[in-house]
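**Student:** need a 3D model of the following:
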Amino acid sequence: MSQRHAVVAGAGIGGLSAALALHRRGWRVTVCERDPGPSAAGAGLVLAPNALRAFDAIGFDPARAAGRAAPAAMGLRRPAGGWLGRADAAALAARYGRLPLAVHRADLAAALTAALPEGSLAYGAAVTAVDQTGGRTVVRTAAGDLGADLAVAADGIHSPLRHRYFPDHPGLRYSGETAWRTVLPAEADTGAGTGAGTGTGTGTGSVPGYGATETWGRGERFGVVPLADGRTYVYATAVVPAGYRPADVRTELLRRYGTWHDPIPALLARIDPAAVLQHDLYDLAARLPAYHRGRLAWLGDAAHAMTPHLGQGGCQAVEDAAVLAHLLDGGEVPAALAAYTRARLSRTDALRVRARRAGRLSALSHPLAAAARDLAVRAAPARTTRRALDDLFSFELPALTE
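**Tutor:** Model (predicted):
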């Protein structure tokens with residue numbers, strides 16, 4: 001029996017994870033990326049325990065492979081510095097087997113790429129169509145046609161393949177927020193790298209005695225995530241019209257967050273405006289009817305784009321990859337992809353809706369509404385928080401069908 005061939009559209013985290021998962025199960029893989037070469041762009045990414053469990057299923061250790069990863073427990077604060085809530089790192093590790101892991105997206109992508117066979121990536125080869133007529137599957141790309149047994153659409157939030165094969169879908173919905181993201185280098189003279197990976201660092205990139213934090217204001221948020229080797233991933237969001245772009249990013253961020261609690265002002269002082277990424281936040285306006293069509297499957301943002309308010313966008317893409325490869329061990333491709341839709345659609349769409357609701361809560365701007373929100377967060381029973389985290393962090397591979 002000849003080796004089966006999978007063509008993956010998109011070399012993001014989801015596409016690379018799917019390619020590696022399939023490769024580890026004996027598939028020949030070709031990853032077609034529209035960009036002309038590897039990119040070092042991107043910022044931080046927090047892999048929750050469910051994503052780490054999915055990587056276990058794939059047979060990939062992001063902490064070892066990426067080399068610069070740090071455990072990340074999360075705390076929630078007010079702009080003046082008071083705590084709305086703090087995750088118990090020991091309890092998290094005990095309940096879910098490990099802490100979330102903070103990595104630089106470019107480091108993770110490079111590690112996934114290095115784990116694939118040489119020559120697996122084709123750059124400058126955007127996938128334009130998947131032809132499934134006449135009993136054959138042909139993937140049309142800008143660099144030529146490829147025969148395949150399976151095609152995977154991991155072509156991102158603006159997925160051309162989603163638009164092409166679900167033309168009646170309403171597409172994307174603007175959340176009302178924009179986001180700024182960047183990664184700050186370590187401060188060699190402050191010892192910021194000491195303990196940054198354990199959440200106990202005392203440099204400007206971390207909160208003494210704690211790790212990652214997110215601060216909720218009125219219509220604004222600011223996040224601080226220590227990475228290994230002293231680097232710090234920072235992000236901020238604000239409620240603004242779609243397409244809003246300040247003339248001076250540093251001035252804008254200082255105006256919005258410069259009076260917030262330490263270490264935010266010190267971090268803002270170190271930002272290189274040229275290294276700040278800004279993206280408006282979108283999610284799918286409605287669920288897709290399915291995550292497959294014949295021998296073509298969608299995963300990650302292409303299938304279920306969600307806002308980042310639960311930190312699950314990339315995590316769900318890794319789950320998709322693990323489940324897809326697992327189910328393809330259980331039978332013929334079309335039947336396995338139908339099982340993939342059944343396994344993934346309800347979970348990911350529920351998280352898409354939940355992320356949207358969480359975004360609305362964190363973006364409240366009226367003083368009374370924001371105060372009521374903060375009170376509700378502080379008063380939430382521990383069992384409610386545990387149940388919510390269980391829904392996010394629990395992941396098991398589905399049973400293979402006979």
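
**Student:** show me where pLDDT drops low in the protein?
**Tutor:** Within the chain, the segments meeting pLDDT under 70 span 1, 40, 65-73, 188-210, 330, 401-402.

**Student:** for stretch 167-179, buried residues please.
**Tutor:** For stretch 167-179, the buried set under the neighbour-count rule, 16 or more other C-beta atoms under 10 Å, comprises 172, 175-179. Placement of C-beta: from N, CA and C, glycine included.

**Student:** before we move on, what about stretch 353-363?
**Tutor:** For stretch 353-363, burial by neighbour count (16+ other C-beta under 10 Å) applies to 354-356, 358-359, 362-363.

**Student:** in stretch 21-39, what counts as buried?
**Tutor:** For stretch 21-39, burial by neighbour count (16+ other C-beta under 10 Å) applies to 21-24, 27-34.

**Student:** of those residues, which belong to helices?
**Tutor:** Those of those mapping onto helices are 21-24, per DSSP state H.

**Student:** closest to V8 out of the residues you listed?
**Tutor:** Checking those against V8 by C-beta to C-beta gives L22 as the nearest, at 8.0 Å.

**Student:** touching, that closest one and T30? I think so.
**Tutor:** No. With contact defined as C-beta atoms under 8 Å, L22 does not count as touching T30 (10.5 Å).

**Student:** if we can go back for a sec, in CSV, list the buried residues of stretch 353-363 along with distance to A106 and secondary structure.
**Tutor:** Shown next, in CSV, are the buried residues of stretch 353-363 (distance: C-beta to C-beta, whole Å; DSSP: H, G, I helix; E, B strand; the rest coil):
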residue, distance to A106, secondary structure
R354, 28, helix
A355, 24, helix
R356, 28, helix
A358, 27, helix
G359, 26, helix
S362, 27, helix
A363, 28, coil
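
**Student:** tabulate those (a markdown table), appending distance to P62.
**Tutor:** Formatted as a markdown table, the buried residues of stretch 353-363 follow (distance: C-beta to C-beta, whole Å):
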| residue | distance to P62 |
| --- | --- |
| R354 | 24 |
| A355 | 22 |
| R356 | 27 |
| A358 | 25 |
| G359 | 26 |
| S362 | 27 |
| A363 | 30 |
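
**Student:** what's A129 in contact with, if anything?
**Tutor:** Counting by C-beta atoms under 8 Å, 6 or more residues apart in numbering, A129 makes contact with 139-140, 161, 164.

**Student:** just the buried ones among the residues you listed, please.
**Tutor:** 139, 161.

**Student:** now T215: phi and psi?
**Tutor:** The phi/psi pair for T215 (degrees, to the nearest 10) reads phi -120, psi 130.

**Student:** what is the neighbour count of it?
**Tutor:** When neighbours are counted by other C-beta atoms under 10 Å, T215 registers 23.

**Student:** repeat that for L267.
**Tutor:** Counted with other C-beta under 10 Å, L267 comes out at 19.

**Student:** show residues contacting the helix or strand harbouring it.
**Tutor:** Using DSSP states H and E, L267 sits within helix 264-269. Here helix 264-269 makes contact (C-beta under 8 Å, 6+ apart) with 184, 204-205, 215, 222, 224, 232, 234, 250, 253-254, 257-259.

**Student:** what's the PyMOL line that selects buried ones from the residues you listed?
**Tutor:** The buried residues among these can be selected in PyMOL (16+ other C-beta under 10 Å) with this line:
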select buried, resi 184+204+205+215+222+224+232+234+253+254+257
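
**Student:** hmm, back to that, name the nearest of the buried residues of stretch 167-179 relative to D280.
**Tutor:** Nearest to D280 among the buried residues of stretch 167-179: T178, at 4.9 Å, using C-beta to C-beta.

**Student:** which of the three states applies to that closest one?
**Tutor:** When classified by DSSP: H, G, I helix; E, B strand; the rest coil, T178 comes out as strand.

**Student:** list the buried residues in the helix holding L267.
**Tutor:** For helix 264-269, burial by neighbour count (16+ other C-beta under 10 Å) applies to 264, 267-268.
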